[in-house]
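>>> Return a 3D structure for these sequence lines:
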Amino acid sequence: MITKLIPKKVFFTTGVGTHPEKLESFEVSLRDAGIEKFNLVTVSSILPPKCEIVTKEEGLKELSPGEIVFCVMSRISSNEPGRTLTTSVGCALPKDISRHGYISEYHAYEENPQDAGIHAVKLAESMYSTWTKEPPLKTFSVPRSSTVHESGDWMTVISAAVFVI
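Numbering: from 1, shown residues only. I've put the predicted structure just below:
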């Protein structure tokens, strides 16, 4: 029997991490987001039909350390002092829950979180509307922004939609 990997739930999270090593700054950002214990696999932009949006706390209760977990992730890194790093995921919810929605990822330098969130929503809304020829039921975004410290340590900022199968 073949099991289909269609997520039943999704939660949204963000994180920021700083470390002298680029890879470890990413690890610290995952810790800040609460998703460091999983083997993350990034996927594209589909919010499955009937996928329930839950809180991060509720979603994390259903996942186990080491589990392969699918997510849509926006990620940006830099070690340039004073550089602002911003990420966002946007979501367009379908009018009919038996159809799929869209999740977008967006990242930018020197952009505030509000503008990045607006851009991420526009992307998700556009993907949804070009498919359905109608506006989505609802849109939202989950942005995060931070500025690289003067020390020049690496900083990574993430925003993610994390799926629970």
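
>>> distance of the closest residue to residue 120 other than its chain neighbours from residue 103?
Closest residue to residue 120 apart from its sequence neighbours, by C-beta to C-beta, 6 or more residues apart in numbering: residue 90 at 3.1 Å. C-betas here are computed from N, CA, C, even on glycine. Look at residue 90 and residue 103: by C-beta to C-beta, to the nearest Å, they are 7 Å apart.

>>> Can you work out which residues contact both of the two?
residue 124 (C-beta atoms under 8 Å, 6 or more residues apart in numbering).

>>> more neighbours, those two?
Ranked by neighbour count (other C-beta atoms under 10 Å), residue 90 and residue 103 place residue 90 first, with 31 against 28.

>>> what distance separates the helix ranked longest in the chain from the middle of the whole chain?
When the chain is parsed with DSSP state H, its longest helix is helix 113-132. Chain-centre distance of helix 113-132: 13 Å, with C-alpha atoms, centre = their mean, to the nearest Å.

>>> same question, stretch 151-165
Taking mean C-alpha positions (C-alpha atoms, centre = their mean), stretch 151-165 and its chain are 8 Å apart.
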